[in-house]
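S.K.: Sharing a model that was predicted from the sequence below.
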Protein chains: 4
Amino acid sequence: METYKHTIQYYETDKMGVTHHSNYIRWMEEARVDFLDKLGWSYVKLEENGIISPVTSIECKFVKGTTFAQVITVETSIEELKNVKIGLNYIMKDGDGNVVCKGKSEHCFLDASGRFISIAKEFPDFYKVLEETFRKSE
Amino acid sequence: METYKHTIQYYETDKMGVTHHSNYIRWMEEARVDFLDKLGWSYVKLEENGIISPVTSIECKFVKGTTFAQVITVETSIEELKNVKIGLNYIMKDGDGNVVCKGKSEHCFLDASGRFISIAKEFPDFYKVLEETFRKSE
Amino acid sequence: METYKHTIQYYETDKMGVTHHSNYIRWMEEARVDFLDKLGWSYVKLEENGIISPVTSIECKFVKGTTFAQVITVETSIEELKNVKIGLNYIMKDGDGNVVCKGKSEHCFLDASGRFISIAKEFPDFYKVLEETFRKSE
Amino acid sequence: METYKHTIQYYETDKMGVTHHSNYIRWMEEARVDFLDKLGWSYVKLEENGIISPVTSIECKFVKGTTFAQVITVETSIEELKNVKIGLNYIMKDGDGNVVCKGKSEHCFLDASGRFISIAKEFPDFYKVLEETFRKSE
């Protein structure tokens, strides 16, 4: 489990006084970018290799409200790994270790022309790293 | 099914050239606000009545990419209706009628002190409107 | 003066209970897109013609707080027109006609390779439309 | 000059491939929050003391485009200090030390009822810290 920290900004709150729920989706992206970066396959490297990885689905369960100035920890792990798609899990906690949100995202792998890429075949080094990380989180 | 229209803004796109996925969550809120407004129970009226209705979960399946200047139609319907919670469904379509995204959101009803409110008991008028709308969408 | 309407969204508010100031910058973009569209030179058409028009500076004076569900009117006008740049003015008003924000933006015209474009020379039709609109707003 | 670092997120880019200009306004807020925090007068402490400090004007000159994954440094300094208002300056630089954006913001000080607060009189400790910081940056 890789850990990422996000400090809640004022502009992320809404008039209810808490974090607007749409921002958790953005923190999941921040954590995912950081996660891939730590695996040695940053978004920048992926794009340089012609790999595009759009989000195909997203899910969030909001457990506990958060607000401005809190530091949120996001633990990212691989839930599912297939040739052409990947599923990620995100556990977000506040400073006291309380779970505040549980998220999931699914992504496919495409080349620049929008064709599916089999990561296992075309980028075996990347696939190996994902597979090892996947096994560790099981 | 109530229909809401959103014109995709430049600031909603990302460097992939398409709408950033986090914005669909915001369009669901726009459509929900409009939906409740048309039912005669706007967010403003709900807050005036001391009803707070936070999002407890959210889900999105991204079917087809969209981009700047497209007009997206969001059809909102009630999927589930309980005393203290409600589930909504959102079908988003582009100008050609293609489904671009399917979303769901769940909400509970709280008072200002964070206590659950039974809409059926405490706001029977509101509950009746929701129930009628729910039946129509089945 | 072209008029554009924006309904303030819940996600645009912050924990002070009012619209977060960064959103006015986005409404200026919305109004600008609408303004150019009404002049017959939409962003899409500009990009099809290879014209990129990045924002080079921005300015906002916040006169009166606004909040969720208010409908804001944005009047856009041309303040300055040069060969390679344009300055726009935005007056934003609430439903009672009170000015809530005054904005300015400056833009240059570039081609795909980042070279300055002289609109007057290379796109005389577009320049003519801008000049006529500019004269009317003086 | 206090320095703050912001890593540009994917969701902050637009279809031009660069950072959308509205985000610089948000980074100014992030840097301002950090700046006041380091001065011992965090936003949270200000709000606990009943001090509200809305943005009254904002200004940005965009010097050089930035994009995803770049780390931007924001140097915040006090440009003007009056009893009831403060002006801040922001210099944003990329990793090579190039200035990418110059910003300004003005803020007034209000109490919960919206009445102007004289910081010098009502919060002399806070004013003293601001004044010392202001003198150092001249």
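M.R.: Noted; the coordinates are in hand. Numbers count the residues shown, from 1 in each chain, chains lettered A, B, ... in the order given.

S.K.: Next, count neighbours for the closest residue to residue A:7 other than its chain neighbours.
M.R.: Nearest residue to residue A:7, sequence neighbours excluded (C-beta to C-beta, 6 or more residues apart in numbering or on different chains): residue A:71, at 5.2 Å. C-beta: built from backbone N, CA, C; applies to glycine. Neighbour count of residue A:71, defined by other C-beta atoms under 10 Å in any protein chain shown: 12.

S.K.: I figured residue A:71 hits residue A:96, correct?
M.R.: No: in this structure, residue A:71 is not within contact of residue A:96 by C-beta atoms under 8 Å, at 10.8 Å.

S.K.: so the residue most central in space within chain A, which of the three states?
M.R.: Among the residues of chain A, residue A:32 comes closest to the average C-alpha position under C-alpha atoms, centre = their mean, at 3.0 Å. When classified by DSSP: H, G, I helix; E, B strand; the rest coil, residue A:32 comes out as helix.

S.K.: And the closest residue to residue A:93 other than its chain neighbours, how close does it get to chain D?
M.R.: Leaving out its chain neighbours, the residue that sits closest to residue A:93 by C-beta to C-beta, 6+ apart is residue A:73, at 4.8 Å. According to C-beta to the nearest C-beta, to the nearest Å, residue A:73 stands 17 Å off from chain D.

S.K.: dump the residue contacts of residue A:73.
M.R.: A:3-5, A:92-94 (C-beta atoms under 8 Å, 6 or more residues apart in numbering or on different chains).

S.K.: Now a PyMOL select for only the buried ones of those.
M.R.: Buried residues among the contacts of residue A:73 (16 or more other C-beta atoms under 10 Å in any protein chain shown), as a PyMOL selection:
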select buried, chain A and resi 4+92+93+94
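
S.K.: Now, the contacts of residue A:73 that are in strands?
M.R.: A:3-5, A:92-93 (DSSP state E).

S.K.: tally of neighbours for the closest residue to residue A:120 other than its chain neighbours?
M.R.: Distances taken as C-beta to C-beta, 6+ apart put residue A:127 closest to residue A:120, at 4.5 Å, once the chain neighbours are dropped. Residue A:127 is flanked by 19 other residues according to other C-beta under 10 Å.

S.K.: Also residue A:121?
M.R.: By other C-beta under 10 Å, neighbour count at residue A:121 equals 10.

S.K.: related to what we said a few turns ago, tell me the spacing between the residue nearest to residue A:7 and chain D.
M.R.: Distance, residue A:71 to chain D, by C-beta to the nearest C-beta: 12 Å.

S.K.: go on, residue A:103?
M.R.: Distance, residue A:103 to chain D, using C-beta to the nearest C-beta: 15 Å.

S.K.: quick one, helices of chain A?
M.R.: A:22-38, A:43-48, A:119-122, A:124-137 (DSSP state H).

S.K.: per-residue confidence at the residue nearest to residue A:91 when sequence neighbours are not counted?
M.R.: Spatial nearest neighbour of residue A:91, chain neighbours left out: residue A:75 (4.5 Å); criterion: C-beta to C-beta, 6+ apart. pLDDT recorded at residue A:75 is 97.

S.K.: and residue A:75, bridged to which residues?
M.R.: residue A:3, residue A:91 (DSSP bridges).

S.K.: What ranges in chain A fall below the confidence cut-off?
M.R.: Within chain A, the stretches with pLDDT under 70 are A:1-2, A:138.

S.K.: Could you tell me which residues of it lie near chain B?
M.R.: Contact residues, chain A versus chain B (C-beta under 8 Å from any C-beta of the partner chain): A:16, A:18, A:21-23, A:25-26, A:29, A:52, A:54-62, A:65.

S.K.: Considering only these, which also neighbour chain C?
M.R.: A:18, A:22.

S.K.: and the helices of chain A, which is most packed in?
M.R.: Mean neighbour counts were compared across those using mean count of other C-beta atoms under 10 Å in any protein chain shown; the top stretch is helix A:22-38, at a mean of 22.

S.K.: Could you give the separation of that one from the chain centroid?
M.R.: 4 Å (C-alpha atoms, centre = their mean, to the nearest Å).

S.K.: Would you mind getting the angle between that helix and helix A:124-137?
M.R.: 120 degrees (axes from the mean of the first three to the mean of the last three C-alpha atoms, to 10 degrees).

S.K.: same for helix A:22-38, what does it pack against?
M.R.: Contact analysis of helix A:22-38 by 3 or more C-beta pairs under 8 Å, 6 or more residues apart in numbering or on different chains; DSSP states H and E lists strand A:2-7, helix A:43-48, strand A:55-62, strand A:71-81, strand A:85-93, strand A:99-108, helix B:22-38 as its packing neighbours.

S.K.: ok, and what's touching it?
M.R.: Residues from elsewhere that reach helix A:22-38 (C-beta under 8 Å, 6+ apart): A:2, A:4, A:6, A:8, A:12, A:42-43, A:46, A:58, A:60, A:62, A:72, A:74-76, A:88, A:90, A:92, A:101, A:103, A:105, B:21-23, B:25-26, B:29, C:11, D:9-11, D:69.

S.K.: If you drop the residues flanking it in sequence, what lies closest to the residue lying farthest from the centre of chain A?
M.R.: Within chain A, the residue lying farthest from the chain centre (C-alpha atoms, centre = their mean) is residue A:15, at 27.1 Å. Spatially, and ignoring its direct neighbours in sequence, residue A:15 is nearest to residue C:13 (3.9 Å; C-beta to C-beta, 6+ apart).

S.K.: For the one you found, give me its contacts.
M.R.: A:14-15, C:19-20, C:67-68.
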